[in-house]
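Novice: please find the sequence and the predicted model below.
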Amino acid sequence: MSYPTTAPRRPVTVEKTIGGKTISIETGRLAKQASGAVVVRLGDTMSLVATVTGPGREGIDFFPLTVDYREKVYAAGKFPGGFIKREGRPTTKEILTSRLIDRPIRPLFPDSFRDEVQIQAGPISADRVNDADVLSMIGASATLLLARVPFLGPIGSVRLGRVDGQLVAMPNAEEMSKSDLDLVVASTDKTIVMIEGFGQELPEAEMYDAIMTAHGYNQELIALQHELLQALGLPAWEKVHIPADPLRQSIYDRWGSELRAAKTAPGTKADRKAAAKEVGERIVATLCPAEGGDPEVTVARVKGAISAIEERVVRESILDGQRPDGRGPRDIRPLSCEVGLLPRAHGSAIFQRGETQALVTTVLGTSADEQRVDGIMEEYTKKFMLDYNMPSFAVGEVRPIRGPGRREIGHGALAERSVAPILPDRDRFPYTIRVISDILESNGSSSMASVCGATLSLMDAGVPISDPVGGISIGLVHDEASNRHVLLTDIIGDEDHYGDMDFKVAGTQRGITGIQLDLKNQGISGEIVRETLDQAAEARLEILRTMLRAIKRPRDEISQMAPRLLQIQINPEKIGLVIGPGGKTIRRLQEETGAKIDIEDSGIVTLSGLDAVGVEAARDKIQAMTEGVQIGRIYEGRVTSIKDFGAFVEILPGRDGLVHISELSEGYVGQVSDICRVGDVMLVKAIAVDDQDRVKLSRKAALTERGIADPNAGNQPGPGSRPPGGGDRGGPPRRGGPDRGPRRD
């Protein structure tokens, strides 16, 4: 396809204030050999976006659009974290932003456009306050206008937060930390083309109002891009009509009814696929015989026409009231839920909806398992992670086994952020949580199956979530010629592939926690957005009812396989006491109890281990150590020395007390060594602290309070024996003990 030359190279800057924030677009200064390049600025964050176009590869049957967003941390005046001081593979944030840029612009190219288009974006300056992701979306639209390709934009893109009930455009990091909404909306001048949003159980009406507010802001950003074109003296791109291949109509007239019957045949996805394949093979054999056929009617051309006709017949049947699998437009496929499948996982569930099956597991860990996240913004740690995997066998395909792709990263992030709002606070449940969704079968909306399965798995693991979260995908078939549209609850693969929309909505019974809109057409109206949110809410409640029949509430106790974890708060000034010189004290505590001990600078101590008794013992020791000696408290101490008049017992690191011989037992004690030896562990009760800060302890009081039998209690001194305490001379008693009895003179 031929198109006008690229934009002039002279520097031009335009700016506009959006919601109190000034956004500028500059071109003609940087990256002048690109087909189009701009710098979009907000505050001191500047994103450079460059687009290059070129002729398509011969025989290609898809639009080769590549979008790559990368963050080089020099933009924030930082070194990359880790051993290698150079940026490596794309981070999760970079992958998600690449998808965020790609999704709204891809549908806005003609179906027949096959030229190469590559968009590269990323911050060249980062103030760590304003994110560069939405700025890069604006820049991508502007560069496509400057590149003079048949882009049916421009689009505006804006992020909205909500602080104290007030919507905030382009919120900075501080505002986002207080916001209960993170919403990104992209629009053309007439329609909405992409939504990505997460909220704290926002009611549908409030989410709709936020979307339409964002749509209004986008009109100002679209006007800003038109202002840029005008400043450069460039006209807007005019839509060019490209006629369809006449072969399509010929095949439709002859075999359209057969293809429609095949694509709507009863049975499974595989049955319909096989039926359509058989019809397609007959069409190819008829139109492309081995000899004597029309040389212009190639196999590739016929297969392309068949694919287009399959789309047409599926869309027509849906508009006529017949979905491929026979359901009504609001019907959900059969649902089934099961929990507790995997004996060694801390929580597990299977969520099945039609031919989509998610096996979701939960693993609980300690603070040592938190994910550290580094980038151009401030470093932070994550205590909740949700990973999504879909192997090729889930769709009956053979392909190489590699790492997670962009789709898997994106689906995992959507499910993670949709579930995160219902997790307990760290103070209430200090565990690190990892959820893994393995899609074992897929025929539509596996990301929403992951949301449902995650809820079930978390409850099975005993995580005290505030409310269950369910998710559903709503599809759309819209016929512009007749102005008819049908919304489809719980879309299957063919409805996603041939339809116009995949609108995912997740939430609780109270409201929305996650929302994502992907389109294949050139946008939808606000009225369709409203209808979709209402239809999704109805379906979500039905799904939640089914889920709660499998497990009504989180289990009372976490799995026996999970580590036991406790948190206590100590005085930060006592941290050194717990650690000890060179870490000696904390190592000894860990060896004695088997518990792992992590201490934060704030004084929060996290204790974890597989043995609950050991964890509780470590807690008691640290509390006793940091609180000092408490009169009336029972301690488990170690005998450090023995004297004639009693035993010295270390009850806290570096702090011991005396158990006088008279406090060792209710019975007669001839000498201290009859009761204990150096190194013995002894239960003692603190009974006094004198003016010189000397601690007096009692073994017999501790045994009595704990209800432990004292084997020495029945012993009495024999005739003529000296009384405990040394008699007249004040010395030790004569040798005797519970095993030998008092010695006779």
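Specialist: Nice, I can see it.
Novice: flag every buried residue along the lengthiest helix in the chain.
Specialist: When the chain is parsed with DSSP state H, its longest helix is helix 204-232. Residues of helix 204-232 classed as buried under the neighbour-count rule (16 or more other Cβ atoms under 10 Å) are 204, 206-208, 210-211, 213-215, 217-218, 220-222, 224-225, 228-229, 231-232. Glycine gets a C-beta too; all of them are placed from N, C-alpha and C.
Novice: could you do stretch 170-183 as well?
Specialist: So for stretch 170-183, counting by 16+ other Cβ under 10 Å, buried means 170, 171, 172, 176, 179, 180, 181, 182, 183.
Novice: can I get the residues you listed in TSV with pLDDT and secondary structure?
Specialist: Listed next are the buried residues of stretch 170-183 as TSV, based on pLDDT from 0 to 100; DSSP: H, G, I helix; E, B strand; the rest coil:
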residue	pLDDT	secondary structure
170	97	coil
171	96	coil
172	95	coil
176	95	helix
179	96	coil
180	96	coil
181	97	strand
182	97	strand
183	98	strand
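Novice: where in the stretch 351-500 of the chain is pLDDT low?
Specialist: Within the stretch 351-500 of the chain, no range satisfies pLDDT under 70.
Novice: strands of that one, start to end?
Specialist: Along the stretch 351-500 of the chain, the stretches classed as strands by DSSP state E, counting those that start in this stretch are 356-365, 371-373, 380-382, 384-389, 432-441, 470-479, 484-489.
Novice: and for the stretch 201-350 of the chain?
Specialist: Under DSSP E, counting those that start in this stretch, the stretch 201-350 of the chain gives strands at 335-339, 347-353.
Novice: tell me what the shortest one is packed against?
Specialist: Read it as strand 335-339. Packing partners of strand 335-339 (3 or more Cβ pairs under 8 Å, 6 or more residues apart in numbering; DSSP states H and E): strand 347-353, helix 446-460, helix 526-550.
Novice: can you give the contact residues for the first one?
Specialist: Going back to what we said before, that points to strand 347-353. For strand 347-353, the surrounding residues in contact (Cβ atoms under 8 Å, 6 or more residues apart in numbering) are 332-342, 357-362, 441, 445, 449, 452-453, 456-463, 490, 543, 547, 550, 559.
Novice: quick check, central residue of this structure?
Specialist: residue 416 (2.8 Å; Cα atoms, centre = their mean).
Novice: buried sites along stretch 266-273?
Specialist: Buried residues in stretch 266-273 (16+ other Cβ under 10 Å): 269, 272, 273.
Novice: please name the nearest non-neighbouring residue to the second one.
Specialist: Using Cβ to Cβ, 6 or more residues apart in numbering and skipping residues adjacent in sequence, the residue nearest residue 272 is residue 265, 5.3 Å away.
Novice: is the one you found in contact with residue 274, as I believe?
Specialist: No. Counting by Cβ atoms under 8 Å, residue 265 does not reach residue 274; the two are 9.2 Å apart.
Novice: who has more neighbours, the two?
Specialist: Taking neighbours as other Cβ atoms under 10 Å, residue 265 and residue 274 compare with residue 265 leading, 17 against 13.
Novice: output the below-cut-off pLDDT ranges for the chain.
Specialist: For the chain (pLDDT under 70), the answer is 1-8, 237, 239-240, 242, 718-745.
Novice: as CSV, the buried residues of stretch 266-273 with distance to residue 312 would be great.
Specialist: Compiled in CSV, the buried residues of stretch 266-273 are given as follows (distance: Cβ to Cβ, whole Å):
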residue, distance to residue 312
269, 20
272, 16
273, 17
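Novice: from the residues you listed, which land in helices?
Specialist: Using DSSP H, the buried residues of stretch 266-273 in helices are 269, 272, 273.
Novice: hang on, the second one packs against residue 263?
Specialist: It stands for residue 272. Yes. Under the criterion of Cβ under 8 Å, residue 272 makes contact with residue 263 at 5.9 Å.
Novice: between these two, what contacts are shared?
Specialist: Listed as contacting both residue 272 and residue 263 by Cβ under 8 Å, 6+ apart are 324, 494.
Novice: ok so, going back, which of the strands of the stretch 351-500 of the chain sits closest to residue 196?
Specialist: Each of the strands of the stretch 351-500 of the chain has some distance to residue 196 by Cβ to Cβ; the shortest is strand 470-479, at 14.4 Å.
Novice: what helices or strands is that closest one leaning on?
Specialist: Helices and strands touching strand 470-479, by 3+ Cβ pairs under 8 Å, 6+ apart, are helix 299-319, helix 446-460, strand 484-489, helix 493-498, strand 501-507, helix 526-550.
Novice: related to what we said a few turns ago, dump the strands of the stretch 351-500 of the chain into JSON lines; add mean neighbour count and distance to residue 251 as well.
Specialist: JSON lines is the format used below for the strands of the stretch 351-500 of the chain (neighbours: other Cβ atoms under 10 Å; distance: least, Cβ to Cβ, whole Å):
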{"stretch": "strand 356-365", "mean neighbour count": "24", "distance to residue 251": "32"}
{"stretch": "strand 371-373", "mean neighbour count": "12", "distance to residue 251": "52"}
{"stretch": "strand 380-382", "mean neighbour count": "12", "distance to residue 251": "52"}
{"stretch": "strand 384-389", "mean neighbour count": "20", "distance to residue 251": "38"}
{"stretch": "strand 432-441", "mean neighbour count": "22", "distance to residue 251": "32"}
{"stretch": "strand 470-479", "mean neighbour count": "25", "distance to residue 251": "20"}
{"stretch": "strand 484-489", "mean neighbour count": "19", "distance to residue 251": "24"}
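Novice: turn the ones you listed into JSON lines, including distance to residue 318.
Specialist: As requested, the strands of the stretch 351-500 of the chain are exported to JSON lines (distance: least, Cβ to Cβ, whole Å):
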{"stretch": "strand 356-365", "distance to residue 318": "19"}
{"stretch": "strand 371-373", "distance to residue 318": "42"}
{"stretch": "strand 380-382", "distance to residue 318": "41"}
{"stretch": "strand 384-389", "distance to residue 318": "28"}
{"stretch": "strand 432-441", "distance to residue 318": "23"}
{"stretch": "strand 470-479", "distance to residue 318": "5"}
{"stretch": "strand 484-489", "distance to residue 318": "6"}
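Novice: show me the contacts for the residue nearest to the residue nearest to the centre of the chain when sequence neighbours are not counted.
Specialist: Nearest non-adjacent residue to residue 416, counting by Cβ to Cβ, 6+ apart: residue 386, 3.6 Å away. For residue 386, the contact set (Cβ under 8 Å, 6+ apart) comprises 412, 415, 416, 419, 434, 435, 436, 437, 450, 454.
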